[in-house]
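Student: got a sequence here, can you model it:
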Amino acid sequence: MVQLRLTLIQTDLHWHNPTANRAMLEEKIAQIQLPTDLIILPEMFTTGFTMEASTYAEPMNLHTFKWLQQQAARTQAAVAGSYIVQENRNFYNRFIVMFPDGSYHTYDKKHLFRMANEHLTYTAGKDKLIFSWKGFNICPLICYDLRFPVWSRNRNNEYDLLIYVANFPQARRQAWNVLLQARAIENLAYVVGVNRIGTDGKGITYSGESAIIDYKGERLFYQADTEVIYTHTLCKQDLEEFRQRFPAFLDADAFEILL
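Tutor: Numbers count the residues shown, from 1 in each chain. Sure, this is the predicted structure:
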């Protein structure tokens with residue numbers, strides 16, 4: 001039986017303090033008590049959601065990249081989340097999944113949150129990522145991507161698990177909760193949303209509400225307002241059996257995304 005043990009970390013973040021955030025998250029990762037295959041951190045886990053990219057961006061293979069390698073090697077789990085990366089004079093809100101052997105995949109946030117001028121600071125990604133780990137095909141997306149279902153559309157069951165890492169404000173918690181469930185239902189896939197809590201340096205409050213949702217839209221886990229380290233096991237056989245009983249994907253509309 002193919003199973004994926006994942007751990008989500010819902011936490012407050014130190015504003016504009018990568019060193020403090022790496023130390024804090026390292027302690028939380030060390031507190032994981034159950035065996036796990038995948039550890040998921042929030043969006044911009046080194047800084048909080050900031051437009052000060054020129055100050056806090058890192059080139060690849062520097063502090064946070066090496067820290068991810070260390071955490072993956074120590075835990076023998078994949079470790080994932082997004083932080084600010086500078087590459088070819090551009091800034092990216094980049095999701096990195098790091099594997100225990102030091103190999104990795106990246107996804108650059110496609111939909112940039114213009115209401116905070118993210119589109120004026122960062123360069124949008126162009127490619128969706130689907131990677132395989134422990135028998136699951138996994139698609140990672142970032143925060144505002146949640147509002148755009150075409151980008152996440154699961155064509156021909158190409159992925160089994162959809163991940164959103166986020167700094168999604170409490171003021172828009174209804175959208176967060178409803179859309180996570182909608183993405184699971186329409187894509188016949190597990191969905192995991194990992195959000196932060198606390199108040200950032202701009203006075204924006206986050207309620208967390210990280211969740212694990214199954215392919216029917218039912219919550220397997222949900223937690224608001226408090227820090228939590230939670231491990232849950234997903235079963236691929238359950239997903240595949242449901243897809244066979246309810247093969248809505250066979251009637252999905254064919255389309256091509258034009259960038």
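
Student: give the contact list for Met1.
Tutor: 235-237 (CB atoms under 8 Å, 6 or more residues apart in numbering). To be clear about C-beta, it is placed using only N, CA and C from the backbone, and glycine gets the same treatment.

Student: which residues touch the most centrally placed residue in the chain?
Tutor: By CA atoms, centre = their mean, the mean C-alpha position of the chain lies nearest to Val165, the distance being 2.9 Å. Residues near Val165 by CB under 8 Å, 6+ apart: 40-43, 45, 80-82, 95, 140, 142-143, 194.

Student: at 10 Å instead, please
Tutor: 8, 40-45, 80-82, 93, 95, 107, 109, 140-143, 145, 192-196, 210 (CB atoms under 10 Å, 6 or more residues apart in numbering).

Student: repeat for Leu8
Tutor: Contacts of Leu8 by CB under 10 Å, 6+ apart are 36, 38-42, 163, 165, 192-195, 210-212, 221, 223, 228-232.

Student: what's the answer for Asp108, then?
Tutor: With contacts defined as CB under 10 Å, 6+ apart, Asp108 is in contact with 82, 85, 87, 90-95, 122-127, 129, 142.

Student: longest helix anywhere in this structure?
Tutor: helix 173-187 (DSSP state H).

Student: may I see the buried residues of it?
Tutor: For helix 173-187, the neighbour count (16 or more other CB atoms under 10 Å) marks 173, 176-177, 179-187 as buried.

Student: chain center to it: distance?
Tutor: Taking CA atoms, centre = their mean, to the nearest Å, one finds helix 173-187 lying 14 Å from the centre of the chain it belongs to.

Student: now do it, average pLDDT.
Tutor: Helix 173-187 shows a mean pLDDT of 98.

Student: next structured bit after it?
Tutor: strand 190-194 (DSSP states H and E).

Student: ok, that following strand: who's next to it in the sheet?
Tutor: Strand 190-194 sits in its sheet next to strand 161-165 (parallel), strand 205-213 (antiparallel), going by DSSP bridges.
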